[in-house]
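Asker: when you get a sec, could you give me coordinates for this:
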Amino acid sequence: MDPCAKLDPDAFTRLHHPPAVPLQIEDPTIRHSISTYLALENASQATYESVARSLKYNFPDIANILSFYQVEKLIDTLTGVESILHDMCPNTCLAFTGPFSDLDECPLCQALQWNQAKLQGTSGHIKVPAQQFTTIPVGPQLQARNRSSASARSMHYLWEKTQELFHDILATHSPDIPLVNYIVMGWDFLGAVLDGDIKEHDIVLMVSLDGAQLYESKESDCWMYIWIIGNLSPDIRYHKLNVLPGGFIPGLKKPKNMDSFLFPGMHHLAVIQREGLSMWDLLSDSCYSSYVYLLFTTADGPGLVYWDGMVGHSGKNGCHLYCSLPGRRKEHAHRYYPALLCPRDRVPEGSNHADINVFNLPPGGSLDYFQNLYKIISIANQTQWDKMKMETSLTKPPLILGLNPLHSLGVPLCMTTDIMHLAGNISDLLISLWRADMDVGPGDDKSTWDWAIFRDEDLWTSHGKDVAAAGSFLPGSYNRKPRNIAKKINTQYKTWEFQLYTFGIAPILLYGILPMKYWSHYWQFIRGFQIICQYSLTHEQLEDAHTLLCVWQRNFELFYYQLRHDCIHFVHPAVHQVIHLVLEAFQKGPPICYAQWTMEQMIGNLGQQIHQPSKPYANLAREGIHRSQVNALLSIMPELDSPPKALPRGSIDLSDGYVLLRKRSKYPVFPDDILTQLLRNYLPGTQDIPRFNKWAWLLLPNGQIARSAWRESLKLVDNLQVSRNVKFLNADKIWIGEVQYFTQLAVQSASRAQEGWSFADIAVVKLYSEPDTDLLHMSSQVLAASLLLDNLFI
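Answerer: Next comes the predicted model:
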């Protein structure tokens, strides 16, 4: 038995010998108990117990329904998924694992491992940990994935796509990948397959780490990590059912030794990498060993140092992809900035290297990493170590270097760019520049910053009101409307609000306010970033994005930093990360596939399920355990999951994912004269113009709902999110229009061989004019400013 794993004997046996039969629950009382428990997943324990009492009272002849505790225990047994607790420093310095497992007090703050009140009250006889953290081993969660035919089939997606790609490459005799739409299209993954490190039955994982604040109004910081299964298709991989909780670390303080908290989970991964994870596949009714391959490690910028062992973005080589780009610093300062161009006024020693061509940027994953790592671990003298740390930007060997190199991509190649936090950082930087909130050097003067338009508080206040008003013209599919940024920016502005502001609202509202050269420069970033955020990327799109983002980065230094020593701090690390995005897409697939949105969604979901705010950490860990066990159970028995929602009453399924949704006009109407003429051109020549009912909404195949002016025009603008503007293809040309309403026309067959009537599904649309060509050009082909015409189109 492994003392570090702390698995009980049954779990240990199951890990090596998983059940090789489908799970069936014959007892209807047990099935009903589990179904009720799952149906009340977001309710409290008291709610479940109330339902159980009601059932016993009203149906006394039915066998007793299981208690809440009995159901949870049963699910634990059926899935084999369990949690492991380890002691930790009550001040969150470190965990008593690995080299610290035999200690009784924290070596960093001298806090004792044990609850002192309990220890003293029992004269030292009973030792209760002062604080513990939770690890949920990933092995049992993965074993559940192949125990139903549906789940097992979904786990084959990655390998099948890989074989299709190889077949296409061989058939075309071209190594170029025409469409990058998943990690399978990235050369990091393909290289591991070609080297034989990833085989047919292996499981590919990504791990994501992040801190979480559970409540806005009180201190509740904690850390957690999750596993994302790369074998699943993108349309289901990020669903709640398929994201695996890995561990939960209580706050309130930031861990000083994160490796000690990650150690149990990584140790478990190392074991199943070395021995292989025993799997039973229902589809083939076969047992085999699957080797788990760790492909990517993700986190926000500060969190990545826990994976790569670097000093952070302030080091001389602050790029977390370790591209070997040397930074530049100010005089008498130790912080470096990733400026490609050298200051022209004065340059401190060590920062006077030549200008670097943005199109010849060193790629990530420099081979210098291991050479520099050897240097840092070979030094025993503290002074020399501090100097070497500054030169190499490394502090220690990363924990994940202990994983099997044949089953992990390894540092620094496994490091990724996170477009979610990157967009937020760029937003914060630009707003700080426009508001003149940046620190000013001794030789600088904010009055000369012609880009600082929001130094004028009245203009900033007015802009905030415009932002809130503009939200009414964003479709409902964009979620809630962003709030007044001038009021909320320092307190409660959310990540998604910043993204809507930066990429959707600000570029338009700043026209005529931000000087033109800065406005056009802003649009270069918008266009390039919009491209790179797509799920599917063609080579032409990637080349366009690379050009736009590289030009944007160079002009950022010329326009804002202006090659002045006192302004070099304007070159934020995020500015540098932007120009890595396209090259990383070729290596790793679209950045959206490994962004932190999945982690943010997990934090939000688990946080909403905490019903006892007095114990947030214990409850968060408990909800994480519950989630992992329920996910495993639903993978084993998909029939227990909630069925898909039925279509609303009164709707009409038009097939191919299109559904007409009410409201519908109460009485059929005749069209007006203009529409009548259009319908005569549309219908067979001899047919009379029929009456028809108007429909307000149309459900689209992507899940969005297109609405209509017929009903939206009745609402106040403040209560509206306009969703009636659509883009459609006609005669090989893309058009933009405003839907007036949807309808079905009764159409008589024009063919003698096919007598009878059928319905033609149409939308009556008002067209927009051609976009303003000047604005389109100045905005890098993004801003389409058009006028609504009176021209109707069917």
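
Asker: model confidence at the nearest residue to I505 once chain neighbours are set aside, what's the number?
Answerer: Among residues not flanking I505 along the chain, A470 sits closest, at 4.9 Å (C-beta to C-beta, 6 or more residues apart in numbering). To be clear about C-beta, it is placed using only N, CA and C from the backbone, and glycine gets the same treatment. At A470, the pLDDT value in this model is 93.

Asker: which residues does the helix or strand encompassing A470 contact?
Answerer: Per DSSP states H and E: A470 is located in helix 457-470. The contact list for helix 457-470, computed with C-beta atoms under 8 Å, 6 or more residues apart in numbering, reads 435, 453-454, 481-487, 501, 505-506, 508-509, 513.

Asker: what do you get for stretch 393-408?
Answerer: Residues contacting stretch 393-408 (C-beta under 8 Å, 6+ apart): 197, 202, 259, 262-263, 266, 269-270, 273-274, 291-295, 297, 305, 307-311, 315-318, 322, 369, 372-373, 376-377, 389, 410-411, 414.

Asker: what does stretch 703-717 give?
Answerer: Residues from elsewhere that reach stretch 703-717 (C-beta under 8 Å, 6+ apart): 472, 475-477, 661, 663, 694-700, 720, 722-724, 726, 738-742, 763, 766.

Asker: filter these down to the ones in strands?
Answerer: 661, 663, 695-699, 726, 738-742, 763, 766 (DSSP state E).

Asker: list the contacts for P701?
Answerer: D656, G657, Y658.

Asker: what's the average pLDDT for stretch 690-703?
Answerer: What stretch 690-703 shows for mean pLDDT is 92.

Asker: could I get the CA-only coordinates of it as CSV?
Answerer: C-alpha atoms of stretch 690-703 as CSV (Å, rounded to 0.1, in the frame of the first residue of the first chain):
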residue,chain,number,x,y,z
PRO,A,690,-52.7,33.1,-48.4
ARG,A,691,-53.3,34.5,-44.9
PHE,A,692,-50.7,33.5,-42.3
ASN,A,693,-49.9,33.8,-38.7
LYS,A,694,-46.9,35.8,-37.5
TRP,A,695,-44.4,34.1,-35.2
ALA,A,696,-42.1,36.1,-32.8
TRP,A,697,-39.1,33.8,-32.2
LEU,A,698,-37.0,31.2,-34.0
LEU,A,699,-34.8,28.8,-32.2
LEU,A,700,-31.5,28.3,-34.1
PRO,A,701,-29.4,25.1,-34.3
ASN,A,702,-26.7,26.7,-32.2
GLY,A,703,-29.1,27.2,-29.3
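
Asker: quick one: buried residues of that stretch?
Answerer: Neighbour counts over stretch 690-703 (16 or more other C-beta atoms under 10 Å) mark P690, F692, K694, W695, A696, W697, L698, L699 as buried.

Asker: same question for stretch 256-271.
Answerer: For stretch 256-271, by 16+ other C-beta under 10 Å, it's 257-271.

Asker: that older thread, what's the closest of the contacts of P701 to K588?
Answerer: G657 (30.6 Å; C-beta to C-beta).

Asker: relative to Y478, how far out is the nearest residue to that closest one once chain neighbours are set aside?
Answerer: In space, and not counting its chain neighbours, G657 is closest to P701: 3.0 Å by C-beta to C-beta, 6+ apart. The gap separating P701 from Y478 is 18 Å, by C-beta to C-beta, to the nearest Å.
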